[in-house]
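>>> This is the structure alone, sequence omitted:
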Ligand SMILES: NC(=O)C1=CN([C@@H]2O[C@H](COP(=O)(O)OP(=O)(O)OC[C@H]3O[C@@H](n4cnc5c(N)ncnc54)[C@H](OP(=O)(O)O)[C@@H]3O)[C@@H](O)[C@H]2O)C=CC1
Ligand SMILES: CC(C)=CCC[C@@H](C)[C@H]1CC=C2C3=C(CC[C@@]21C)[C@@]1(C)CC[C@H](O)C(C)(C)[C@@H]1CC3
């Protein structure tokens, strides 16, 4: 129950400290993320002549000045397909059964309830995909490759719509705002997310978007790229080992996230950050259309790895996955009051405990290290002809380093001198003895 002594101003203090370099940074990312999503297509595709295409300023300026180029960004068929996909995930949330779990305590003393059926949504989507593949073969799925730009536009349009909607709704009476999203600057608050958990009844938009429409679409896009290659090479048995590896690794990552759905309720996106344009565009456009770049590249640059390289890349991915899963599992168990491995911990003045052994005794974000190792394994199958397919690894390293610093600041505020004590016990940020 909400504490009766807290009024709306106590609960929703003004944000006085900016992140992401404040409003100019927020504006740059608001424009930059959609722009980069398109640029990674135009800068790495067979339509434009390669990865990267030969750079000729005159040709680029000429094509930018043609009506056809701008018309190509809009594709009604792709838009309708995207809307149908989004609607499917919403309907699945409503109709598929699932347990309701209680999230961590939020600032107003309440705990939200979340319906757990992301995994069954994925199974339904995969079942329908398998049925279509069985009846009609890979051809229908080439739609994704052929309508790429239109699908990107549709996902960005949905993100803008949701960003504006949640920003407007956050002004209603009684809304609980994110501590970092109430600066009063509309550009910044729109970007970072003003309201902590925008919901329609029991439908929570932030956790829904984080796990369903973007993440499952990423896997379906990868399947679409396998189908495109199968059509070009004359059958699934001719699809390259590199393409199968990318599909297997990335699908496994998605399956793992959906299977462990309850674990996202202890991540900082859910517990601390608001839901605004940053997460909307990240979830809906960036994850499916940028994270699948390696698979799209392998459609037009078909790499055969052979058994030795395949084995090495699988080993790198498995090592990363092991660290990622075990570290996330240790923290999730611990935050839910369990400590099956009897790990050591310190108790803070706030009452919360912090693990000081196991993976969380090796570095302060061991899960990031595992995630990064996996990211590297997803790019390796593309070979070394172009650095562009390693974009994900570089972006991800920057994102996680920045995220670590944001979390460090937040934990310092939360735990005060106990955090400093914890940092002395666990001095490494992400990679032990390196960083
Ligand atoms: N693929 C992708 O694009 C992305 C993936 N990720 C992944 O998402 C996952 C979640 O990441 P994220 O939410 O950023 O961070 P973490 O899962 O690392 O969670 C950080 C929080 O954990 C708690 N914590 C910190 N130290 C300890 C400790 N020693 N013992 C117990 N609890 C501790 C603190 O919260 P408190 O004390 O309040 O509980 C802290 O705020 C990661 O695996 C990350 O790799 C993240 C971003 C993008
Ligand atoms: C600048 C920009 C593009 C920002 C958006 C960042 C988002 C893309 C990421 C923020 C946190 C994320 C998480 C996952 C996907 C990427 C985003 C949305 C995640 C769902 C991936 C699967 C993992 O298992 C996870 C559930 C731990 C993870 C949670 C955080």
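That came through fine. Predicted, not measured: the structure shown is a model, and the values here were computed from it. Ligands and ions are numbered 1, 2, ... in the order given.
>>> Do stretch 207-220 and ligand 2 come into contact?
Yes - contact of stretch 207-220 with ligand 2 (Cβ under 6 Å from any ligand atom) involves 210, 215. (C-beta placed from N, C-alpha, C; glycine too.)
>>> residues in contact with that stretch?
Contact with stretch 207-220 is made by 85-86, 89-90, 92-93, 114, 118, 121-122, 125-126, 129, 144, 155, 162, 250-251, 254-255, 257-258, 261, 264-265, 269-270, 275, 279-280, 282-288, 291-292, as judged by Cβ atoms under 8 Å, 6 or more residues apart in numbering.
>>> Please pick the buried ones from those residues.
Listed as buried from the contacts of stretch 207-220 are 85-86, 89, 92-93, 114, 118, 121-122, 125-126, 129, 144, 155, 162, 250-251, 254-255, 257-258, 261, 264-265, 269-270, 275, 279-280, 282-288, 291-292; burial here means 16 or more other Cβ atoms under 10 Å.
>>> Near ligand 2, which residues of the stretch 251-400 of the chain are found?
Selection of the stretch 251-400 of the chain residues close to ligand 2 by Cβ under 6 Å from any ligand atom yields 257, 264, 267, 269, 278, 282, 283, 286, 287.
>>> Where is pLDDT lowest across those?
Minimum pLDDT for these is recorded at residue 267 (85).
>>> where's that residue relative to ligand 1, distance?
The gap separating residue 267 from ligand 1 is 3 Å, by Cβ to the nearest ligand atom, to the nearest Å.
>>> what about that residue, distance to residue 332?
Separation of residue 267 from residue 332 (Cβ to Cβ, to the nearest Å): 9 Å.
>>> now swap in residue 84 and tell me
From residue 84 to residue 332 the distance is 34 Å (Cβ to Cβ).
>>> picking up where we left off before, quick one: the residues of the stretch 251-400 of the chain next to ligand 2 as a markdown table, columns for secondary structure too.
Below are these laid out as a markdown table (DSSP: H, G, I helix; E, B strand; the rest coil):
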| residue | secondary structure |
| --- | --- |
| 257 | helix |
| 264 | helix |
| 267 | coil |
| 269 | helix |
| 278 | helix |
| 282 | helix |
| 283 | helix |
| 286 | helix |
| 287 | helix |
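>>> These: which two are farthest apart?
Spatial extent of those (Cβ to Cβ) is set by the pair 257 and 278 at 19.0 Å.
>>> ok, back up a step: so which of the buried ones among the contacts of stretch 207-220 sit within helices?
Judged by DSSP state H, the buried ones among the contacts of stretch 207-220 include 85-86, 89, 92-93, 118, 121-122, 125-126, 129, 144, 155, 162, 250-251, 254-255, 257-258, 269-270, 279-280, 287-288 as members of helices.
>>> Quick check: which helices or strands does the helix ranked longest in the chain pack against?
In terms of residue count, the longest helix belonging to the chain (DSSP H) is helix 306-335. Here helix 306-335 is seen to pack against helix 241-259, strand 353-355, helix 359-362, helix 366-379 when contacts are counted using 3 or more Cβ pairs under 8 Å, 6 or more residues apart in numbering; DSSP states H and E.
>>> Say whether ligand 1 is contacted by the longest one.
No - using Cβ under 6 Å from any ligand atom, we find that helix 241-259 stays clear of ligand 1, coming within 7.5 Å at best.
>>> Use 282 as the first number for this chain going forward.
With the count now opening at 282, the last piece we talked about shows up as helix 522-540.
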